[in-house]
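*Asks:* Provided below are the primary sequence and the corresponding predicted coordinates.
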Amino acid sequence: MMLWFARRAVSWPPMLGSLVAAAGVVALTHRWESLSVLTLPLTAVLVAASAAFVYDDPAVAAAAVTPRGSVWALAVRSACGIVTLATGLVLLLGAPGDQDTGGWALVLGGLGGGVLGLTLAGSRRQVALPGTVIAPVVVLAGLAPLVVVLFADVRSPYPLPALDGPLRIFWSTLAVASATLAAIALHRGRSLRFGSVVPGARDTRPATIAGTPPEAGARR
C-alpha cells in the first residue's frame, strides 16, 4: 500500500530531474576534480531541492479526507524525502578525493532536513505546491555562500575538505531544529478526517436536531 501510494502520489519527475542533475555535477567532478569546491556544494543543494518536491500535491485538500487521513500520506512522503537525501549522500561520498562522510551527512541533514520541515509544514496547512516555491529559494540560498567565498577571504560552510568545530555545531543545530519542526508539523498540524468537509465543497451530511443522536438524524 505504501509503495503504491508513493509511486502514484509523489511528484517524481522534478525530484528525479534534480537528482539526475546532481549526478551529472558529480560526474563533472570526476572529470575536473579541481572544481570540487563548487560542484560538491552544488550537488548538496540540488539534492535538497529534489527533496522539496516530495510534498507537492495539487489535490492536497481532497487527499486529506481519505480514510487514512493526511498524517499517513505525509509520513509516506517523508520517507521518500529521507531516501532522496540518502541517495544524495551516496553521490557526494562517491566523488573523487577523501570526503568528510560525517560532514556531508550533517550538511544534508541540516539543509535537506530544513527543506523537508518547511515543505511539510506548508503541506499540513494544505499548501498545494510547497516544494515548487521553496526549491528555487534553497538553490539560491545554498549557492550564496559560494559567491561570498569567491570574493572574500572567508571559510566555506561546506566540508571542503572537512567541517571544523563551529560549523559542525551549526549544521547539527540546523538538523535538530529541522527534525523538531517536522515532528511538530506532524503532531500538531490539523488534518481533515474522513467524513469532514473539504474547504469550498458542499456539506452533504444529514442535518440533526440539537440533542438528537446523529443516527436518529440520519433516519429522519
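*Replies:* Arrived safely. Numbers count the residues shown, from 1 in each chain.
*Asks:* how about low-confidence regions in the chain?
*Replies:* 59-70, 188-220 (pLDDT under 70).
*Asks:* the helices in it, which residues?
*Replies:* Here the chain has its helices, by DSSP state H, at 2-9, 12-31, 36-52, 60-63, 69-93, 101-124, 130-151, 165-188, 214-219.
*Asks:* just these: most buried one?
*Replies:* helix 36-52 (a mean of 25; mean count of other C-beta atoms under 10 Å). In short, each C-beta sits where N, CA and C put it, glycine included.
*Asks:* out of the helices of the chain, nearest to residue 159?
*Replies:* helix 101-124 (3.0 Å; C-beta to C-beta).
*Asks:* how big is the angle separating the closest one from helix 165-188?
*Replies:* For helix 101-124 against helix 165-188, the angle by axes from the mean of the first three to the mean of the last three C-alpha atoms, to 10 degrees is 30 degrees.
*Asks:* OK, contacts around the closest residue to residue 146 other than its chain neighbours?
*Replies:* Spatial nearest neighbour of residue 146, chain neighbours left out: residue 41 (5.8 Å); criterion: C-beta to C-beta, 6 or more residues apart in numbering. Contacts here follow C-beta atoms under 8 Å, 6 or more residues apart in numbering; on that basis residue 41 touches 142-143, 145-146, 156, 158, 160.
*Asks:* which one among those residues gets closest to residue 113?
*Replies:* Using C-beta to C-beta, the contacts of residue 41 come closest to residue 113 at residue 142, 13.3 Å.
*Asks:* Apart from its chain neighbours, what residue comes closest to that closest one?
*Replies:* Nearest to residue 142 is residue 45, by C-beta to C-beta, 6+ apart, at 3.5 Å.
*Asks:* Ramachandran coordinates for residue 10?
*Replies:* phi -80, psi 140 (degrees, to the nearest 10).
*Asks:* For residue 136, see how far away it is.
*Replies:* Distance from residue 10 to residue 136, counting by C-beta to C-beta, to the nearest Å: 19 Å.
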